[in-house]
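Enquirer: model the structure of this input:
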Amino acid sequence: MSRQTKEYDELYSNIELIPDEAIKDTEDGQGFDVDWELVEEKYQKRHQHHSGHHQSGHSHKHHTGQSHRHSSQSKHSSDKGRNGKKSKVSEKKWSRKKKIFIGILIFFFILIIGLISTFFILRHLGKQTMLNYEDINITVPSGVDYEDDGRTVYYKGHTYRFNENIASVLFMGIDNRELKENATAGTAGQADALYLFTYNSQNGKIKVLNLNRDTMTDISRYDAAGTYYDTTTTQLCLAYAYGDGKTLSAENQVTAVERLLYNVPIHAYYAINLEAIQILNDDIGGVTLTPEYTFGSFVKGQQVTIKGDMAEEFVRHRDTSLLDDNLRRMACQRLYINSFANQIVPAIKKDLQVPIKLYQHSAKHTVTNIKAPVLTYLASSLATNYSGLNMTTVGGKYVDAPDDEAAQFKVKKKELFETVLDFYYTQIN
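Expert: Modelled structure (predicted):
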């Protein structure tokens with residue numbers, strides 16, 4: 001039986017033959033009944049199956065090479081799919097790493113911006129504090145013309161204008177091992193060393209006025225309760241003694257120096273006790289200098305690096321049998337301060353945190369109103385503009401007063417006023 005005959009037999013297997021005796025006349029004259037819908041459905045199914053089988057066989061017979069290529073392509077596609085998945089996983093991993101990396105960069109960027117912003121904010125606040133001259137009233141000496149509360153002074157044919165770009169810090173060296181708490185009036189200690197540091201924020205110049213501790217001037221005195229009771233003329237260094245041993249003492253010393261300098265405002269102070277000398281000295285690795293005098297452990301002209309107890313000996317030694325030996329001691333202090341500055345300023349230029357580290361290390365041995373903004377302003381200004389210290393003293397003479405056990409130094413008033421003009425005023429004609 002042929003394949004076609006078989007297929008037709010299967011196709012028409014639903015046709016039911018009717019016996020002859022059952023044949024009846026019909027309109028179409030056919031002698032059997034056919035379910036033509038079922039025949040059509042089977043035919044369509046068989047036709048589709050036959051067509052697919054024929055094409056498959058034809059493809060296999062004539063295109064085996066192509067089939068092989070299709071198989072290879074299929075395998076390649078499968079490999080590609082697996083590689084694609086690996087690639088996508090790698091991309092996801094790289095994407096996560098990239099996000100983390102970018103996040104770290106953003107964090108450090110924000111941190112740096114924050115630090116820089118904080119630095120400039122502190123610097124701005126410090127500058128505002130140090131250069132606040134809204135309310136000044138200079139007590140110009142009699143016989144000198146002035147106006148605008150002493151902001152403008154006419155002296156020896158020249159006009160001087162107060163320079164509001166000058167920042168001032170009064171440094172005090174107190175002759176106690178510890179800064180007393182709630183000291184009894186007159187016992188809080190004396191300011192053996194007094195140095196007024198001025199900084200011109202426009203040109204970066206630093207001028208230092210070395211004030212003689214024995215200078216006779218007016219100071220305010222307070223009782224044990226901190227109540228003011230009088231003003232007397234005595235040694236400048238004693239102003240610190242009439243206070244609480246810390247803040248009130250330091251502020252009273254500042255007031256005495258301001259009064260001596262014709263009421264020029266001093267906005268900052270820094271006082272240290274004897275213990276702080278060695279700490280600050282050794283924190284910078286010691287101070288190298290060449291003594292100008294022979295005394296104690298030191299020989300004139302022989303260079304030495306001062307460390308430990310030597311620092312206090314160098315800046316404090318005084319022969320009390322000599323009326324004016326404090327002048328020699330002041331010269332030693334100036335040499336030491338210059339040498340100290342020459343070593344610390346380069347360190348500040350490399351690291352602005354150096355003053356803060358020194359400040360923190362010696363904190364319990366100091367009293368100051370210098371806060372972070374002022375310290376930031378001063379440190380950054382020194383780092384960018386420092387050109388050395390210009391140190392000045394004011395002349396005068398020592399007087400041996402029978403009624404005073406302590407030495408008295410009478411300052412030259414004219415020279416003192418001209419020094420104030422040099423430090424705080426600008427000649428405009």
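Enquirer: any idea how far Val140 is from Ile272?
Expert: Distance, Ile272 to Val140, by C-beta to C-beta, to the nearest Å: 33 Å. Where you see a C-beta, it was placed from the backbone N, CA and C, and this is true even at glycine.
Enquirer: repeat for Arg213
Expert: Distance from Arg213 to Val140, by C-beta to C-beta: 26 Å.
Enquirer: who has more neighbours out of these two?
Expert: Arg213 (23 against 20; other C-beta atoms under 10 Å).
Enquirer: grab the nearest non-local neighbour of that one.
Expert: The shortest distance from Arg213 to any non-neighbouring residue, by C-beta to C-beta, 6 or more residues apart in numbering, is to Cys237 (3.8 Å).
Enquirer: correct me, but the one you found touches Leu194?
Expert: Yes. At 7.0 Å, Cys237 counts as touching Leu194 under the criterion of C-beta atoms under 8 Å.
Enquirer: on that earlier part again, looks to me like the residue nearest to Arg213 is in a helix.
Expert: Yes. Counting by DSSP: H, G, I helix; E, B strand; the rest coil, Cys237 is located in a helix.
Enquirer: that one - how many residues pack around it?
Expert: Cys237 - counted by other C-beta under 10 Å - has 27 other residues nearby.
Enquirer: and what of Tyr293?
Expert: Tyr293 - counted by other C-beta under 10 Å - has 15 other residues nearby.
Enquirer: ok, the nearest residue to Lys300 once chain neighbours are set aside to Asp283 distance?
Expert: Distance criterion C-beta to C-beta, 6+ apart; nearest residue to Lys300, sequence neighbours excluded, is Thr294 at 4.5 Å. Per C-beta to C-beta, Thr294 is found 28 Å from Asp283.
Enquirer: could you give the mean pLDDT of the strand or helix carrying Arg329?
Expert: Using DSSP states H and E, Arg329 sits in helix 325-350. On average, the pLDDT along helix 325-350 is 89.
Enquirer: for stretch 185-204, same thing?
Expert: pLDDT averaged over stretch 185-204 gives 88.
Enquirer: sorry, back to before: pLDDT wise, what is the residue nearest to Lys300 at?
Expert: For Thr294, pLDDT reads 96.
Enquirer: for it, phi and psi?
Expert: Backbone torsions for Thr294, taken as degrees, to the nearest 10, come to phi -100, psi 120.
Enquirer: that one: how many residues sit nearby?
Expert: 10.
Enquirer: now Glu181
Expert: 9.
Enquirer: name the nearest residue to it, sequence neighbours excluded.
Expert: Gly245 is the one closest to Glu181 (C-beta to C-beta, 6+ apart), at 5.9 Å.
Enquirer: and what of Thr290?
Expert: For Thr290, the spatially nearest residue (C-beta to C-beta, 6+ apart) is Gln303, at 4.7 Å.
Enquirer: distance of the one you found from Ala193?
Expert: 23 Å.
Enquirer: out of the two, which sits in the more crowded spot?
Expert: Ala193 (24 against 9).
Enquirer: these two touch, right, Lys207 and Val420?
Expert: No. If you go by C-beta under 8 Å, Lys207 and Val420 don't touch, sitting 11.1 Å apart.
Enquirer: more neighbours, those two?
Expert: Set Lys207 next to Val420 and count neighbours by other C-beta under 10 Å: Val420 wins out with 22 against 19.
Enquirer: show me what whichever strand or helix holds the more buried one is packed against.
Expert: In the assignment (DSSP H and E), Val420 maps to helix 413-424. Helix 413-424 makes packing contacts with strand 191-200, strand 206-211 when contacts are defined by 3 or more C-beta pairs under 8 Å, 6 or more residues apart in numbering; DSSP states H and E.
Enquirer: what's the angle between that helix and strand 206-211?
Expert: Angle of helix 413-424 versus strand 206-211, following axes from the mean of the first three to the mean of the last three C-alpha atoms, to 10 degrees, is 150 degrees.
Enquirer: show me where the stretch 51-200 of the chain has its strands.
Expert: Here the stretch 51-200 of the chain has its strands, by DSSP state E, counting those that start in this stretch, at 145-147, 152-155, 158-162, 166-174, 191-200.
Enquirer: report the buried residues of the third one.
Expert: Right, the one you point to is strand 158-162. Buried residues in strand 158-162, counted by 16 or more other C-beta atoms under 10 Å: Tyr160, Phe162.
Enquirer: direction included, what does it pair against?
Expert: Strand 158-162 sits in its sheet next to strand 152-155 (antiparallel), strand 425-427 (antiparallel), going by DSSP bridges.
Enquirer: contacts for it, please.
Expert: 133, 136, 138, 150-154, 421, 424-429 (C-beta atoms under 8 Å, 6 or more residues apart in numbering).
Enquirer: which among the residues you listed count as buried?
Expert: Judged by 16+ other C-beta under 10 Å, buried ones among the contacts of strand 158-162: Tyr133, Ile136, Ile138, Gly150, Arg151, Thr152, Val153, Leu421, Tyr424, Tyr425.
Enquirer: excluding chain neighbours, what is closest to the third one?
Expert: Of all residues beyond its chain neighbours, the one nearest Ile138 is Gly150 (2.6 Å), with distances taken as C-beta to C-beta, 6+ apart.
Enquirer: skipping adjacent residues, who's closest to Asp149 in space?
Expert: Asn137 (4.7 Å).
Enquirer: what is the neighbour count of the one you found?
Expert: 11.
Enquirer: phi and psi next, for it.
Expert: The phi/psi pair for Asn137 (degrees, to the nearest 10) is phi -150, psi 90.
Enquirer: gap between the two ends of stretch 298-308?
Expert: 14 Å (C-alpha to C-alpha, to the nearest Å).
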